[in-house]
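J.: 3D, please:
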Amino acid sequence: MDFAAHLWCNGARSAEPDPGPIRTADRPDRLPTHRHAVVTPPSLPAAQDTPPVPGAASDVAAGKPDLAVPAASPVASPATSPAASIAPSFSPLYQQIKTLILRSLQGGEWRPGEAIPSEIDLAARFKVSQGTVRKAVDELAAENLLVRRQGKGTFVATHAEEQVQYRFLRLASDVTEGVQGSTRREFLDCRRLVAPADVAVSLQLPQGEQVVEVRRVLHFSGQPVVLDDIWLPARLFKGLTAERLSEYRGPMYGLFETEFGVRMIRAEEKLRAVAAHGGEATLLGVAPGAPLLSVERLAFTYNDQPVELRRGLYRTDRHYYRNELS
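T.: Numbers count the residues shown, from 1 in each chain. So this is what the prediction gives:
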């Protein structure tokens, strides 16, 4: 073999990785001695072996695309990534405005019966269009939290208004085509006691917390029709007595919102047919064993906090339960 071929063969062999335990990449001091060697950078470890990069998730959230981590990468797990806790909300804008208005209602910025700012003022306050505010207000009005009055503005709904005095009472009269006659309330008892276990569970109260228990009868057109047993968290209704209930001229829910700052927003009901027992039959003026409608109602204030449990017995010989579905 001539000298040139011998030199070429030695150069080619030197470019190949050493098959022995010592690799070329492990001996950087040998690299400059091979003029024809091609140096390949060490390959990166597999993706699953790559440790999380500190600050990478926060850089993505900060808008640095060059540091973005693909959604499928195990580095940024949705459960552990810091960006998960600051992910933006994608609810419609009018829903966000509705939430802000609700917070103001809950915080007492506008009290029941008071006018709220105009749509133009609210749009300027929240820096959104007037149409967005109108859509939010429309939903609140549909939920009976706000009331629109033609030519006057929008007001915080109140149970003291005539059309909502018995907003949750669905009993209608057979005789007067659904319209109740004269109404009289008779309060039989109002006392404080430790909440019974089932009442505490319904009102989400700690064991041993007190409640105010109220018993009353509603008379329509001189006839006893509804017997109610009511439980309220005592800490929210300090100073509530039977005398105070009797002296108040408006509905009970009106007293709760004006005197105690507790507004009933919505309610859930359970209905069943039952037979009248001795004491209940006497108070409602029916024979023992007469059929009655049992209505258990749980009323909530803002943030879906339960604030009233009510168990009512309704006479249905001259009345019927009416509900409107949509």
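J.: all contacts plus neighbour counts: C-alpha atoms, from now on.
T.: Fine.
J.: remind me which residues of the stretch 201-326 of the chain are low pLDDT?
T.: Counting by pLDDT under 70, the stretch 201-326 of the chain has low-confidence residues at 325-326.
J.: mind listing the helices for it?
T.: 242-247, 252-259, 278-284 (DSSP state H, counting those that start in this stretch).
J.: Run through the neighbouring helices and strands of the longest one.
T.: This means helix 252-259. When contacts are defined as 3 or more CA pairs under 8 Å, 6 or more residues apart in numbering; DSSP states H and E, helix 252-259 packs onto no helix or strand at all.
J.: Which positions in that helix come out as buried?
T.: Residues of helix 252-259 classed as buried by neighbour count (16 or more other CA atoms under 10 Å): 252-258.
J.: which one of the residues you listed is nearest residue 313?
T.: Nearest to residue 313 among those is residue 252, at 17.6 Å by CA to CA.
J.: Provide a list of residues in contact with that closest one.
T.: For residue 252, the contact set (CA atoms under 8 Å, 6 or more residues apart in numbering) comprises residue 245.
J.: hang on, the earlier thing: just send the buried residues of helix 252-259 back as JSON lines, with distance to residue 96 too.
T.: Listed next are the buried residues of helix 252-259 as JSON lines, based on distance: CA to CA, whole Å:
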{"residue": "252", "distance to residue 96": "32"}
{"residue": "253", "distance to residue 96": "28"}
{"residue": "254", "distance to residue 96": "29"}
{"residue": "255", "distance to residue 96": "31"}
{"residue": "256", "distance to residue 96": "28"}
{"residue": "257", "distance to residue 96": "26"}
{"residue": "258", "distance to residue 96": "28"}
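J.: quick check, nearest of these to residue 264?
T.: Of all the buried residues of helix 252-259, residue 264 sits closest to residue 253, with 7.0 Å by CA to CA.
J.: Let me know whether that closest one touches residue 264 as I believe.
T.: Yes: under the criterion of CA atoms under 8 Å, residue 253 makes contact with residue 264 at 7.0 Å.
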